[in-house]
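S.K.: sharing a sequence plus its predicted fold:
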Amino acid sequence: MSQLPVEVLSEQEVQRLIAHPDADDVFGLRDAAILSALYYAAATAGEIANLDIADIDRDAGTLRLRPDSGRPRRVPIEGPLAEVLDRYFEDSRKVLLAHGGVTDYETLPAVFVTNKGHRVHMQDIRQILGAHAKGAGIEAHVNYSTLRLSRAWHLREAGEPPEKIQRMLGASSRSGRHLV
């Protein structure tokens, strides 16, 4: 069985992609926060779509990511991600929920929402990725895994230990033990 090659974006391409959405617009700010979470947390699209406010531990500085299958894992909220999440919560999420008729902002646990007041879905994330990759002039094929694997590669190039990268990705060790 052959596998499709996975394209890894350069750090400059990732930064161009994350910076492409207009952060002065409620949708653009949401999109920048989603793209940042995909990259800095090395998260899957499903984990981002399922992310709830209760999964953000500000005191510990971590996100709890819950995959569709497997064990949840905690990843650090790095500075750039923390900044865009703060801006998103302050300037975008409430506006999007209000536009959808949601007035009690605590009733919807989802972090990322649409303008109809619903949780974003994986197909929304696919559209966000595609639109901003094209708009940022990225020629590589960008899919759900591109930012996650690019993050792992960039950490490896920066000299991070393989065990740390495996933990961040929620991967198992060669012995079969889960490294979370």
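M.R.: Structure's in. What do you need?

S.K.: off-centre distance for stretch 147-156?
M.R.: Stretch 147-156 has its C-alpha centroid displaced from the chain centroid by 13 Å (C-alpha atoms, centre = their mean, to the nearest Å).

S.K.: wait, I meant stretch 138-151
M.R.: 12 Å.

S.K.: now that stretch: buried residues?
M.R.: Judged by neighbour count (16 or more other C-beta atoms under 10 Å), stretch 138-151 contains these buried residues: 138, 142-144, 146-151. (Glycine included, C-beta is placed from N, CA and C.)

S.K.: which residues are in contact with that stretch?
M.R.: Applying C-beta atoms under 8 Å, 6 or more residues apart in numbering, the external contacts of stretch 138-151 come out as 6-9, 13-14, 16-17, 35, 38-40, 42-45, 122, 125-126, 129-130, 133, 168-169.

S.K.: quick check: end-to-end length of it?
M.R.: Using C-alpha to C-alpha, to the nearest Å, one end of stretch 138-151 lies 16 Å from the other.

S.K.: now it: mean pLDDT?
M.R.: The pLDDT scores in stretch 138-151 average 90.

S.K.: stretch 120-135 now?
M.R.: Averaged across stretch 120-135, the pLDDT comes to 95.

S.K.: strands of this structure, residue ranges please.
M.R.: Secondary structure of the chain by DSSP state E: the strands cover 56-57, 62-65, 73-76.

S.K.: out of the ones you listed, which is closest to residue 114?
M.R.: Between residue 114 and the strands of the chain, the tightest spacing by C-beta to C-beta is seen for strand 56-57, at 19.2 Å.

S.K.: now do that closest one: distance to the chain's middle.
M.R.: Offset of strand 56-57 from its chain centre (C-alpha atoms, centre = their mean): 14 Å.

S.K.: now swap in stretch 119-133 and tell me
M.R.: That offset, for stretch 119-133, works out to 11 Å (C-alpha atoms, centre = their mean).

S.K.: show me where pLDDT drops low in the chain?
M.R.: Counting by pLDDT under 70, the chain has low-confidence residues at 1-5, 105, 172-180.
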